[in-house]
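Trainee: Coordinates only, no sequence provided:
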Ligand code: GLN
């Protein structure tokens, strides 16, 4: 990607021609693998003609469907938002466009981000297929972003979003690097919310360096978004080349327990040994609260927040609507019954329940207190170590026919490694830890708040 940017700047690449070729290939890939909810051909060619230069000059960038792109249908993978064309760009999108990127379209995802396999797509959407084996899942919820990044035969990064692991999980199953930053590092302005206290925007790319460059560009304070942090942003690309010698990391013991696939454990241990041979020392540590309470805490908070967020899809302001008939409750229920998928309905019901008078103290407020304990557990580990490592996912990319057999609880348990850093708002990345039977294994590297540079440093060293 870095070579390509140089060539665009020197005029060696004809950007309009290149973009035409990219769109052609993208359509071909999409026909076979269903990575795109929408290909923004017109916008891509317009941006190619403008050929603005900049740090991402000419780079094709795909955008998860939950991020608003001006004038391009943005649905967060839900039927309820079909036809919605935002009037503005999300800040992260605007920032890459300002640096010369070519926006090529919106990637497939679980409806509103509700899933770990991209099989919970909204009504009428296609499920993306794993780039290594079409009978297997891409991971989720950013399955389209990760799958396309692997398959793209052109320089490419994808802007993605994670609430509880949706950036690193699909990156792991598709064998590509990706970073989810500290909560607040990237403005959420223009993001179609899943759960506001958890949502982060990050980058999936073909190389750690590509991911670093993307992060460098989208990070930073935004006056449009009050939770965005006003902290200096490093040259992350430079950090990917820094020596890791004499650094100390911790291996999270519980993430190598019996329920985890042997092949996954072995590959991740091989990567840890590689870091060791580069001069990194490691110790094994235990994070009992994260391990025991992470999944239940995460799902209580995420569902509570999302049940509130989804209340705005009532068939009145934008997205799906019908002829006004009867009282508000009937109208509202009809529109939502017809336009939300099964998992969205489940989450609205569970989230509403957890916040009801009489239950709020027992569930939602208790989950908030446990969340603080989880943050403290990580914080004390970071007093001693530069990073914590674990597998990203406990299994190899599963087959669709096996996913169908999972109960909702078994499904949620797949996020056991990723919900912790997401609850704590810690930066974390996926790097490929090798292949087993033709399928990728991912290693997760977790850093302290605002230590994206460190995480990328270890990622760079491994790659
Ligand atoms: N799998 C998790 C969930 O279903 C995380 C998804 C996400 O990060 N958007 O909530």
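Mentor: Here it is on my side, so go on. All figures in this text were calculated on a predicted structure; none of them were measured in a lab.
Trainee: Residue 121 is in contact with residue 138, correct?
Mentor: No: in this structure residue 138 lies outside contact range of residue 121 using Cβ atoms under 8 Å: 11.0 Å. (Each C-beta comes from the backbone N, C-alpha and C, glycine too.)
Trainee: and the stretch 51-200 of the chain, which residues reach the ligand?
Mentor: 113-116, 141, 162-166, 194 (Cβ under 6 Å from any ligand atom).
Trainee: can I get those residues in CSV with secondary structure and neighbour count?
Mentor: Output for these, formatted as CSV (DSSP: H, G, I helix; E, B strand; the rest coil; neighbours: other Cβ atoms under 10 Å):
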residue, secondary structure, neighbour count
113, helix, 28
114, coil, 28
115, coil, 27
116, coil, 28
141, coil, 37
162, strand, 28
163, coil, 29
164, coil, 26
165, coil, 31
166, coil, 36
194, coil, 26
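Trainee: distance of residue 294 from residue 288?
Mentor: Going from residue 294 to residue 288 by Cβ to Cβ, to the nearest Å gives 10 Å.
Trainee: what about the two, which has more around it?
Mentor: Under the criterion of other Cβ atoms under 10 Å, the comparison of residue 294 against residue 288 puts residue 294 first, with 26 against 10.
Trainee: if we can go back for a sec, more crowded one of residue 138 and residue 121?
Mentor: Between residue 138 and residue 121, counted using other Cβ under 10 Å, residue 138 has the larger neighbour count: 33 against 29.
Trainee: I'd like to know how far the more buried one sits from residue 314.
Mentor: Residue 138 sits 31 Å away from residue 314, going by Cβ to Cβ.
Trainee: cool, residue 361 as well?
Mentor: 28 Å.
Trainee: In contact with whatever residue of the stretch 1-150 of the chain ends up closest to the ligand, which residues?
Mentor: Per Cβ to the nearest ligand atom, residue 113 is where the stretch 1-150 of the chain lies closest to the ligand, at 3.0 Å. Residue 113 is in contact with 66, 76, 140-141, 161, 163, 166, 194, counting by Cβ atoms under 8 Å, 6 or more residues apart in numbering.
Trainee: Report the contact partners of the residue nearest the centre of the chain.
Mentor: Nearest to the mean C-alpha position of the chain, by Cα atoms, centre = their mean, lies residue 167 at 2.3 Å. If you count contacts by Cβ under 8 Å, 6+ apart, residue 167 has them with 142, 160-161, 178-180, 200, 202-204, 430.
Trainee: Out of those, the closest to the ligand would be?
Mentor: residue 161 (6.5 Å).
Trainee: Mind listing what's buried along stretch 33-47?
Mentor: Buried residues in stretch 33-47, counted by 16 or more other Cβ atoms under 10 Å: 33-41, 43-45, 47.
Trainee: Give me the mean pLDDT for that stretch.
Mentor: The average pLDDT for stretch 33-47 rounds to 98.
Trainee: residues near residue 337, how many?
Mentor: Residue 337: 9 neighbours (other Cβ under 10 Å).
Trainee: Which element, helix or strand, includes residue 96?
Mentor: Here residue 96 sits within helix 91-98, counting by DSSP states H and E.
Trainee: the inter-axis angle of the helix or strand just after that helix versus helix 91-98?
Mentor: Once the chain leaves helix 91-98, the next helix or strand it forms, by DSSP H and E, is strand 102-107. Calculated by axes from the mean of the first three to the mean of the last three Cα atoms, to 10 degrees, strand 102-107 forms an angle of 150 degrees with helix 91-98.
Trainee: Name the strands paired with strand 102-107 and say parallel or antiparallel.
Mentor: strand 36-39 (antiparallel), strand 60-64 (parallel) (DSSP bridges).
Trainee: Please tell me how far residue 183 sits from the ligand.
Mentor: Distance of residue 183 to the ligand, computed by Cβ to the nearest ligand atom, to the nearest Å: 12 Å.
Trainee: actually residue 231, not the one I typed
Mentor: From residue 231 across to the ligand, the span is 23 Å (Cβ to the nearest ligand atom).
Trainee: correct me, but that residue touches residue 450?
Mentor: Yes: using Cβ under 8 Å, residue 231 makes contact with residue 450 at a distance of 5.6 Å.
Trainee: quick one: common contacting residues for those two?
Mentor: residue 185.
Trainee: ok, these two, which is more surrounded?
Mentor: Set side by side, residue 231 and residue 450 show more neighbours around residue 450, with 19 against 14, by other Cβ under 10 Å.
Trainee: hmm, back to that, quick one, which of residue 361 and residue 314 is more surrounded?
Mentor: residue 314 (17 against 9).
Trainee: is residue 160 in a bridge, and if so with what?
Mentor: Here residue 160, judged by DSSP bridges, has bridge partners residue 202.
Trainee: Now do the same contact list for it.
Mentor: Residues in contact with residue 160 (Cβ under 8 Å, 6+ apart) are 64, 107, 142, 145-146, 166-167, 178, 201-204.
Trainee: Quick check: it vs residue 317, distance?
Mentor: Relative to residue 317, and taking Cβ to Cβ, residue 160 is found at 26 Å.
Trainee: Likewise for residue 249?
Mentor: 48 Å.
Trainee: These two: who's more crowded?
Mentor: residue 249 (23 against 9).
Trainee: Any chance of the backbone angles for that one?
Mentor: Backbone torsions for residue 249, taken as degrees, to the nearest 10, come to phi -120, psi 170.
Trainee: from what I can see it touches residue 276, true?
Mentor: No: contact criterion Cβ under 8 Å: residue 249 and residue 276 do not qualify, at 9.3 Å.
Trainee: Common neighbours of those two, please.
Mentor: residue 282.
Trainee: quick one: contacts for residue 225?
Mentor: So residue 225 contacts 91, 187-189 (Cβ under 8 Å, 6+ apart).
Trainee: How about residue 290?
Mentor: 252, 254, 374, 377-378, 420.
Trainee: try 10 Å this time
Mentor: Shown in contact with residue 290 (Cβ atoms under 10 Å, 6 or more residues apart in numbering): 252, 254-255, 297, 373-375, 377-378, 381, 388, 416-417, 419-421, 423-424.
Trainee: Can you give me the neighbour number for residue 323?
Mentor: So residue 323, with other Cβ under 10 Å, has 5 neighbours.
Trainee: Could you measure from it over to residue 107?
Mentor: Taken as Cβ to Cβ, the span from residue 323 to residue 107 is 33 Å.
Trainee: circling back to that earlier point, and of the contacts of residue 113, the nearest to residue 302?
Mentor: residue 163 (5.9 Å; Cβ to Cβ).
Trainee: right, and that closest one touches residue 196 too?
Mentor: Yes: the criterion here is Cβ atoms under 10 Å, and residue 163 meets it with residue 196 at 9.5 Å.
Trainee: Go through stretch 398-413 and flag the buried ones.
Mentor: 398, 403, 406, 411-412.
Trainee: So stretch 348-363, near the ligand or not?
Mentor: No: under the criterion of Cβ under 6 Å from any ligand atom, the ligand is not reached by stretch 348-363; the shortest gap measures 11.2 Å.
Trainee: Tell me where the stretch 101-250 of the chain has strands.
Mentor: 102-107, 157-162, 178-180, 200-205, 248-252 (DSSP state E, counting those that start in this stretch).
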